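Novice: Pasting a predicted model and its sequence here:
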Amino acid sequence: MEDGIMDDGGLEGCIKEMGKLAKDKSQYLGMEFPSEEVAYEFYNEFGRIVGFSIRRNYCNKSKKDGVMTSRKFVCCNEGEREKDKRYTVIKNPRSETRTNCNAFMHIVFKRNLSKWIVSKFDNNHNHPLHLPQCTHLMPSQRKVCDVQGINIDIADETEISLKASHDLISVIVGGKEFVEFTRKDQKTYLRAKRQRNL
């Protein structure tokens, strides 16, 4: 066994702690949220701490007035990716990331309380979870905040390259692990801005 890998519990200790979190779901059942967005933010933060990315799954709406009555948030590895029917041969197929993971949080809207309640919760994952130093790279965690957007705009206007501006932003915030987006996200942000300007 290599030095330092299993110090203070190491990876084994981390897996045991995550296992405890997965088994104890009773503390989340019945939690209340003022909105669907706040519930999403809670589950996203939970995913960041435990080590998985999340996404919105299905929602149900009332047939009478169209108000959303329930929502399911799932692990990004839930389900299977649909096969691309456009081409029979794909030169560079994307790697398969979905594993039919069953982890989810289901919320329902209680009209009499005007609140969202956690009705079902499962944190049993069938795939390895992300290490803490990598969680900022998970899709649901990556976002360009307003301040960083201003820095990206300034760098773009002064014609600094994407790599150089990303490195500069990482220095400003104290390291790459504190930058909440990748260079790909930065490129997408600039493309969306140019399209809006057009």
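Specialist: On my side now, so go ahead. Numbers count the residues shown, from 1 in each chain.

Novice: Show me the strands in this protein, by range?
Specialist: Counting by DSSP state E, the chain has these strands, from start to end: 32-33, 54-61, 68-75, 104-110, 115-122.

Novice: Run me through the strand neighbours of the second one, direction for each.
Specialist: Using DSSP bridges, the neighbouring strands of strand 54-61 in the sheet come out as strand 68-75 (antiparallel).

Novice: and the angle for the partner strand with strand 104-110?
Specialist: With axes from the mean of the first three to the mean of the last three CA atoms, to 10 degrees defining the directions, strand 68-75 sits at 170 degrees from strand 104-110.

Novice: still on that earlier bit, quick check: which of the strands of the chain is nearest to Lys184?
Specialist: strand 54-61 (17.5 Å; CB to CB). Any C-beta I mention is one placed from the backbone N, CA and C, and that applies to glycine too.

Novice: can you pull the buried residues of the closest one?
Specialist: Ile54, Arg55 (16 or more other CB atoms under 10 Å).

Novice: what's it in contact with?
Specialist: Strand 54-61 is contacted by residues 40, 43-44, 47, 67-76, 78, 104, 139-140 when judged by CB atoms under 8 Å, 6 or more residues apart in numbering.

Novice: From Pro132, how far off is the closest residue to Asp156 other than its chain neighbours?
Specialist: Distances taken as CB to CB, 6 or more residues apart in numbering place Leu190 nearest to Asp156, at 5.8 Å, with adjacent residues excluded. For Leu190, the distance to Pro132 (CB to CB, to the nearest Å) stands at 29 Å.

Novice: which residues does Thr99 contact?
Specialist: Listed by CB under 8 Å, 6+ apart, the contact set of Thr99 reads Asn77, Asn126, His127.

Novice: nearest to Asp153, of these?
Specialist: When the contacts of Thr99 are compared against Asp153 (criterion: CB to CB), the nearest one is Asn77, at 34.3 Å.

Novice: Hmm, that closest one is touching Gly51, no?
Specialist: No. Look at Asn77 against Gly51 with CB atoms under 8 Å: they stay out of range, at 11.7 Å.

Novice: if we can go back for a sec, the residue nearest to Asp156 against Ile152, yeah?
Specialist: Yes. Applying CB under 8 Å as the test, Leu190 and Ile152 come out as touching, 6.7 Å apart.

Novice: Give the residue from those two that has the larger number of neighbours.
Specialist: Ranked by neighbour count (other CB atoms under 10 Å), Leu190 and Ile152 place Ile152 first, with 24 against 18.

Novice: pLDDT wise, what is that one at?
Specialist: At Ile152, the model reports a pLDDT of 71.

Novice: roughly how far apart are it and Val171?
Specialist: Counting by CB to CB, the gap from Ile152 to Val171 is 14 Å.

Novice: What's the local residue count around the residue nearest to Pro34 when sequence neighbours are not counted?
Specialist: Of all residues not flanking Pro34 in the chain, Lys115 sits nearest, at 6.3 Å (CB to CB, 6+ apart). Residues within reach of Lys115, counting by other CB under 10 Å, total 17.
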